[in-house]
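J.: could you look at this predicted model? Sequence included:
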Amino acid sequence: MIVALVGPTASGKSALAIDLAKRLNGEVINADAMQIYRGMDVGTGKPTIAQRASVPHHVFDVWPVGHPVSVAEYQRVARVALDDVLGRGRTPIVVGGSWLYVRALLDEFNFPGTDAQVRARWEQRLHSEGPAVLHAELAQRDPTAAIAILPSNGRRIVRALEVIEITGEPFTANLPRESTRYPATYLGLDVPRDVLDERIAARVAAMWAAGWVDEVRDLPELPSSPTAVMALGYPQVLAFVAGEIDEQAARDETVRLTRKFARRQDRFFRRDERVQWLAYDAPDLLDQALSICT
């Protein structure tokens, strides 16, 4: 048995995943695009050392911040961990808010080819014109892909435009339709929008209090990483550290962007009919989840 626990950021996935793992002889496998980096702990909401000690956790802290991890690279490492957990007769609890990473791990998900010259041309435009200009071009060529990719995520924008140019088709047309590789029970945490907005604001405040700014200062390689630097809030903290904006502006913008991203996460997971949604605050949440899984 495999359990996939999904939903927007700040919905409570990590805590429920640990509870499920304890009851199902399970181990947690990360499907978050940024918790794979070492040193990015506070700002990604990574489970604490104590939480990770309570049950085995996999695919956390795998790569240094300076390494630009691709989805294909994540897939290779995560599937090794998944097969290992299954091979030992335990239950993998896949948890994360990245629709693409969850699908890359559990579905038949092969990646379109690449062309170094085409990519180099788009990367040059990214460097000279910025991600916002390229994101606007992506929105014209493939509106669905533009919705799924953050306007600040230059690396993924370049990849989408590269695939469009190589194949002559929308980037989303090259993503596989639902075709299961690892059958799983999909659980989603349902949080009303106004409640989620409040939880996100409280989460950002707690991260700030927990030393997020110091964490960023301790990662000098962060600005040079085309992937890690795109993590929610990190560009805003970097701008504050550099004196480009004040602290309150950095916090407010982080809350705004996180709320926007959470809505995007929710839309994509809602499209997957495999997900069974549970109220995040149900007093018997764990029992409901266990009844579905067993």
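T.: Noted; the coordinates are in hand. Note that the coordinates shown come from a computational prediction; the quantities given were computed from them, not determined experimentally. Numbers count the residues shown, from 1 in each chain.

J.: can you show me the strands along the protein?
T.: Per DSSP state E, the chain carries strands over the ranges 3-6, 26-30, 57-58, 91-95, 185-190, 275-279.

J.: any stretches of this structure with poor pLDDT?
T.: Along the chain, the model assigns pLDDT under 70 to residues 173-178.

J.: what does the domain assignment say about it?
T.: What the record gives for the chain is the domain set 3-110+177-293, 116-174, from automatic domain parsing.

J.: tell me which of the strands of the chain lies nearest to residue 123.
T.: Taking C-beta to C-beta as the measure, the strands of the chain were each checked against residue 123, and strand 26-30 came out nearest at 28.0 Å. (Glycine included, C-beta is placed from N, CA and C.)

J.: that closest one: how far from the chain's middle?
T.: Averaging C-alpha positions (C-alpha atoms, centre = their mean, to the nearest Å) puts strand 26-30 15 Å from its chain's average.

J.: packing partners of it?
T.: In terms of contacts (3 or more C-beta pairs under 8 Å, 6 or more residues apart in numbering; DSSP states H and E), strand 26-30 is packed against helix 13-23, strand 57-58, helix 71-87, strand 91-95.

J.: contacting residues around it?
T.: For strand 26-30, contacts defined as C-beta atoms under 8 Å, 6 or more residues apart in numbering pick out 3, 17-18, 20-21, 36, 47, 52, 55-60, 78, 81-82, 85, 90-96, 105.

J.: how far off centre is stretch 166-186?
T.: Here the centre of stretch 166-186 is set off from its chain's centre by 17 Å, with C-alpha atoms, centre = their mean.

J.: run through who's touching it.
T.: Under the criterion C-beta under 8 Å, 6+ apart, external residues in contact with stretch 166-186 comprise 1-4, 6, 82, 94, 105-110, 112-115, 118, 138, 141-142, 144-145, 148, 159-161, 163-164, 272, 274-276, 292-293.

J.: ok, 6 Å please
T.: The contact list for stretch 166-186, computed with C-beta atoms under 6 Å, 6 or more residues apart in numbering, reads 2-4, 106-109, 112, 115, 142, 144-145, 160, 163-164, 274-275, 293.

J.: in helices, which of those appear?
T.: Within those, membership in helices is found for 106, 144, 145, 160, 163, 164, 293, as judged by DSSP state H.

J.: okay, these in TSV with distance to residue 131 and neighbour count next?
T.: Conversion of those to TSV gives the following (distance: C-beta to C-beta, whole Å; neighbours: other C-beta atoms under 10 Å):
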residue	distance to residue 131	neighbour count
106	29	25
144	18	13
145	14	24
160	12	26
163	17	26
164	16	23
293	40	19
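
J.: closest one of those residues to residue 69?
T.: Distance ranking of these against residue 69, using C-beta to C-beta, places residue 160 first at 16.9 Å.

J.: surely the closest one meets residue 146?
T.: No: between residue 160 and residue 146 there is no contact, the gap being 8.2 Å when judged by C-beta atoms under 6 Å.

J.: which neighbours do those two share?
T.: Common neighbours of residue 160 and residue 146 (C-beta under 6 Å, 6+ apart) are residue 138.

J.: single out the most deeply packed of the helices and strands packed on strand 26-30.
T.: Highest mean neighbour count of the helices and strands packed on strand 26-30: strand 91-95, a mean of 26 (counted as mean count of other C-beta atoms under 10 Å).
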